[in-house]
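J.: below is the structure, and that's it, no one-letter string:
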């Protein structure tokens, strides 16, 4: 595994993987950086450069074998295995996340759901029984869970993140609309659709 | 309004706005690029540089007046007004989006919900009556809707995007796990939580 791959390159690999998986599902066996570039709106030179970080995925002129490239990308991204994920927050948003099939289909298994509200603890949420957030640290440490999703109100998110990290979590998908302070060895990604919308209105003519 | 602001700067402005709005809600009146940087994990020099694109929001040494900066950012991002948004897709994901209060709270009003499934059309979804996607182009053109969210399966997303753009939509928040091909004057942002998760597993020690 090569070191020092820029994070921005890593960020594009799941996009490549998603497009390649789709081509494979449609029965296609070979693709090119040109075709991928057209599909993704990324230059073919950029794609070739990104993939060259990981060795020779394709031969000049013959294109990429899709199945092989998919397997290599899955290995690089460490998604050629399943991951357990803890979910904190069982409100409207947490419920939607717990019901979203896309995670399981792509190897992320929500294994436990926590909430701090006494009226939620013990209730069922789909296949899960909601547990008290007070139990989260113990469960996460015991199961060696490294990934978590936060779907609590903004004012609780930092305290929840601190607790998760203390228990061993090293990657957080944060749905709370607030930036988290985390140690350097912890990774955070954000989902805040309003931020995406506001980024686009800048360009609109009212 | 200054021209030629790099898109990556525009992308950070909603993050600044979110943090500043939160500080204001907590009763704080003045902040600094240093404090914002600490909150957001962005260097204070970067923050000063980003904000300098839009003129003098703060005076050297005295910090930023939060209310003033919030208003300026809202104006720059054109979110000092409400926007109507069309939602296409009333499955599990579309339902969660329609129920999410965060959009309305921050000025994005979902005004109509479309689905192509005959068994969904005419049914209520919260305050909305689901309309046939066949009507979407007409409604969008009549109401001059410029923003839309796509929450349909991947294989339908491109056709839906083409229809929306033809009807006048210029900004799309795409929840379908597929990259869209759009004209240069149309903006697309993506929400695919699995992509964010895969970007983090790269860094994890199994």
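T.: Received it, and whenever you're ready, just let me know what you need. Everything quoted here is computed from the prediction, not taken from an experiment.
J.: and residue A:112, what element?
T.: strand A:108-115 (DSSP states H and E).
J.: buried stuff in that strand?
T.: A:108, A:110, A:111, A:112, A:113, A:114, A:115 (16 or more other C-beta atoms under 10 Å in any protein chain shown). Heads up, the C-betas are built off the backbone N, CA and C, glycines and all.
J.: quickly name whichever of these is closest to chain B.
T.: Using C-beta to the nearest C-beta, residue A:108 is the member of the buried residues of strand A:108-115 that lies nearest chain B, at 5.5 Å.
J.: show me what secondary structure element comes after the longest helix along chain A.
T.: Secondary structure of chain A per DSSP state H: the longest helix is helix A:7-25. Next along the chain after helix A:7-25, taking DSSP H and E as the criterion, comes strand A:30-31.
J.: is chain B within reach of the next helix or strand after that following strand?
T.: Reading on from strand A:30-31 to the C-terminus, the next helix or strand found by DSSP H and E is helix A:33-40. Yes: judged by C-beta under 8 Å from any C-beta of the partner chain, helix A:33-40 and chain B are in contact via A:38, A:39, A:40.
J.: what's the first helix or strand after helix A:33-40?
T.: Reading on from helix A:33-40 to the C-terminus, the next helix or strand found by DSSP H and E is helix A:44-52.
J.: give the buried residues for that next one.
T.: A:47, A:48, A:50, A:51.
J.: include pLDDT when you put the residues you listed into CSV, please.
T.: Below are those laid out as CSV (pLDDT from 0 to 100):
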residue, pLDDT
A:47, 94
A:48, 91
A:50, 92
A:51, 89
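J.: near chain B, from those residues?
T.: For chain B, no contacts are drawn from those by C-beta under 8 Å from any C-beta.
J.: now for those residues, which pair is the farthest apart?
T.: Of all pairs drawn from the buried residues of helix A:44-52, the greatest distance, 7.4 Å, lies between A:48 and A:50 (C-beta to C-beta).
J.: just put the buried residues of helix A:44-52 in a markdown table and tack on distance to residue B:204.
T.: Shown next, in a markdown table, are these (distance: C-beta to C-beta, whole Å):
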| residue | distance to residue B:204 |
| --- | --- |
| A:47 | 25 |
| A:48 | 27 |
| A:50 | 21 |
| A:51 | 22 |
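J.: got the phi/psi numbers for the spatially most central residue of chain A?
T.: For chain A, residue A:173 is the residue whose C-alpha lies nearest the centre (C-alpha atoms, centre = their mean; 6.8 Å). Dihedral pair for residue A:173: phi -100, psi 110, per degrees, to the nearest 10.
J.: still on that earlier bit, which of the residues of helix A:33-40 next to chain B count as buried?
T.: Buried by 16+ other C-beta under 10 Å: A:39, A:40, out of the residues of helix A:33-40 next to chain B.
J.: which one of the residues of helix A:33-40 next to chain B sits closest to chain B?
T.: residue A:40 (4.8 Å).
J.: would you map the helices across chain A?
T.: Going by DSSP H, chain A shows helices at A:7-25, A:33-40, A:44-52, A:66-76, A:92-99, A:102-105, A:136-143, A:154-167, A:193-201.
J.: deepest-packed of the ones you listed, please.
T.: Mean neighbour count (mean count of other C-beta atoms under 10 Å in any protein chain shown) peaks for helix A:193-201 among these, with a mean of 22.
J.: for chain B, tell me whether that one is touching it.
T.: Yes: interface with chain B: helix A:193-201 contributes A:193, A:194, A:195, A:196, A:197, A:198, A:199, A:200, A:201 (C-beta under 8 Å from any C-beta).
J.: okay, the angle between that helix and helix B:7-25?
T.: Put simply, helix A:193-201 runs at 130 degrees to helix B:7-25, going by axes from the mean of the first three to the mean of the last three C-alpha atoms, to 10 degrees.
J.: can you name every helix or strand that helix A:193-201 contacts?
T.: Judged by 3 or more C-beta pairs under 8 Å, 6 or more residues apart in numbering or on different chains; DSSP states H and E, the packing partners of helix A:193-201 are helix B:7-25, strand B:83-88, helix B:102-105, strand B:147-150, strand B:171-174, strand B:187-190.
J.: what pairs with the fourth one, and is each one parallel or antiparallel?
T.: Strand pairing for strand B:147-150, using DSSP bridges, gives strand B:83-88 (parallel), strand B:171-174 (parallel).
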